[in-house]
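Colleague: Using only what follows, build the 3D model:
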Amino acid sequence: MHRVALMPGDGIGPEIVEAAVQVIEAAGAGIEWVRLPGGEGARRKLGTALPEETLQAYLECGVGFKGPFAVGAEDEMIRPGRRRGIPGGGPPRAYNSATNALRREGGGYAAVRLARSFPGVPSPLRGVDLAVIREISEDIYIASEYTVGDDTAVALKVITRKASEKVIRFAFEFARSHGRKRVTVITKANVLRQTDGLFLRVAREVAGEYPGVECDERFIDASCALVVQRPSLFQVAVMPNQYGDIFSDLCSSLAGSLGLGAGATYGTEACLFEPVHGTAPDIAGRGIANPVSQILSGALLLRHLGEDRAARAVERATEEALRDRSHHTPDLGGEATTRRLTEAILSRVK
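Modeller: The predicted structure is shown next:
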């Protein structure tokens with residue numbers, strides 16, 4: 001029996017998490033869900049979007065399954081308490097969102113977002129099938145900012161050899177274990193020669209250890225243009241944090257919807273599985289949210305737990321259900337409800 005921290009989240013989160021839990025359980029995996037508060041609902045009730053009890057329970061489980069958390073530009077920083085098992089409790093930490101706190105406190109180093117075209121699903125392009133892997137612990141998203149007077153704001157961009165090597169090696173291992181022949185390293189090293197330049201230099205070093213995997217190099221702006229024209233050129237793409245956040249959304253949209261992409265953050269202390277989209281407050285509670293991103297993130301969770309048969313069952317059932325346009329939710333151009341699509345997937349889980 002696997003213990004998994006479950007955080008339904010905000011907006012459409014509770015709806016799609018409930019759908020995903022039903023599908024995962026129907027696949028036969030033995031999971032004990034540890035339900036925990038988090039997000040805006042926790043902030044309203046408990047005064048923080050990430051209660052200390054939630055964080056500690058997540059770390060104790062070592063794996064989490066969460067819906068999207070709401071994040072506001074004016075939200076207070078998340079400041080976890082003392083770390084257990086560390087003399088003195090460790091240095092003070094501050095994060096700009098509960099999700100980032102979960103990722104970073106779990107030792108997150110690689111965020112994986114899968115984007116693929118599904119038969120029967122209308123999309124701007126066919127042939128999208130790639131894994132976007134972004135470094136998750138540094139780059140400009142460390143949110144180290146300061147102001148100089150009233151008219152100048154500065155953000156610090158940090159790239160280290162250690163973090164770069166870890167995520168790049170993860171990308172090559174991912175490619176090798178998933179039968180993919182090419183890793184594309186995406187940077188803007190022609191402009192940011194020190195930071196992105198370091199990331200690229202490390203990638204070249206690591207690539208030499210994987211003779212069976214082709215490595216090519218592209219700039220982020222050119223990659224955005226090229227993936228729209230020839231998505232098949234990209235199989236596994238690895239890049240610094242901010243580029244990956246943007247590029248992965250583009251790829252999911254090209255495949256038909258952000259509601260189709262699976263997401264996971266892999267860490268040294270805990271791994272977090274979650275959809276690639278946000279809370280969609282405009283449709284929350286209306287029963288029309290697409291649960292596929294959450295469900296396929298659940299398939300990644302199952303693979304992480306060693307439940308490969310169950311993961312394959314979830315993936316096959318989802319693909320089969322999406323072939324029928326009567327099961328498509330509004331984001332896919334259809335009129336189906338969350339419940340209808342979920343039931344179609346459940347009926348196909350074997």
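Colleague: going forward, measure contacts and count neighbours with C-alpha atoms only.
Modeller: Noted.
Colleague: Can you list the buried residues in the helix or strand residue 196 falls within?
Modeller: Using DSSP states H and E, residue 196 sits in helix 195-207. Buried residues in helix 195-207, counted by 16 or more other CA atoms under 10 Å: 195, 196, 197, 198, 199, 200, 202, 203, 204, 206, 207.
Colleague: now those as CSV including pLDDT and distance to residue 36?
Modeller: Shown next, in CSV, are the buried residues of helix 195-207 (pLDDT from 0 to 100; distance: CA to CA, whole Å):
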residue, pLDDT, distance to residue 36
195, 97, 38
196, 98, 38
197, 98, 41
198, 98, 39
199, 98, 37
200, 98, 40
202, 98, 39
203, 98, 38
204, 98, 42
206, 98, 39
207, 97, 41
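Colleague: May I have the helix or strand containing residue 24 as PDB, with CA atoms only?
Modeller: Taking DSSP H and E as the criterion, residue 24 maps to helix 13-26. What follows is helix 13-26, C-alpha atoms only, in PDB (Å, rounded to 0.1, in the frame of the first residue of the first chain):
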ATOM      1  CA  GLY A  13      -8.700  21.500  -8.500                       C
ATOM      2  CA  PRO A  14     -11.100  19.600  -6.200                       C
ATOM      3  CA  GLU A  15     -13.200  18.500  -9.300                       C
ATOM      4  CA  ILE A  16     -10.400  17.200 -11.400                       C
ATOM      5  CA  VAL A  17      -8.500  15.600  -8.400                       C
ATOM      6  CA  GLU A  18     -11.600  13.700  -7.500                       C
ATOM      7  CA  ALA A  19     -11.900  12.500 -11.100                       C
ATOM      8  CA  ALA A  20      -8.300  11.400 -11.200                       C
ATOM      9  CA  VAL A  21      -8.500   9.600  -7.800                       C
ATOM     10  CA  GLN A  22     -11.400   7.600  -9.100                       C
ATOM     11  CA  VAL A  23      -9.500   6.600 -12.300                       C
ATOM     12  CA  ILE A  24      -6.300   5.700 -10.400                       C
ATOM     13  CA  GLU A  25      -8.300   3.500  -7.900                       C
ATOM     14  CA  ALA A  26     -10.100   1.800 -10.800                       C
END
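Colleague: list the buried ones in that helix?
Modeller: Judged by neighbour count using 16+ other CA under 10 Å, the buried positions of helix 13-26 are 13-24, 26.
Colleague: Could you do stretch 150-159 as well?
Modeller: In stretch 150-159, counting by 16+ other CA under 10 Å, buried: 157, 158, 159.
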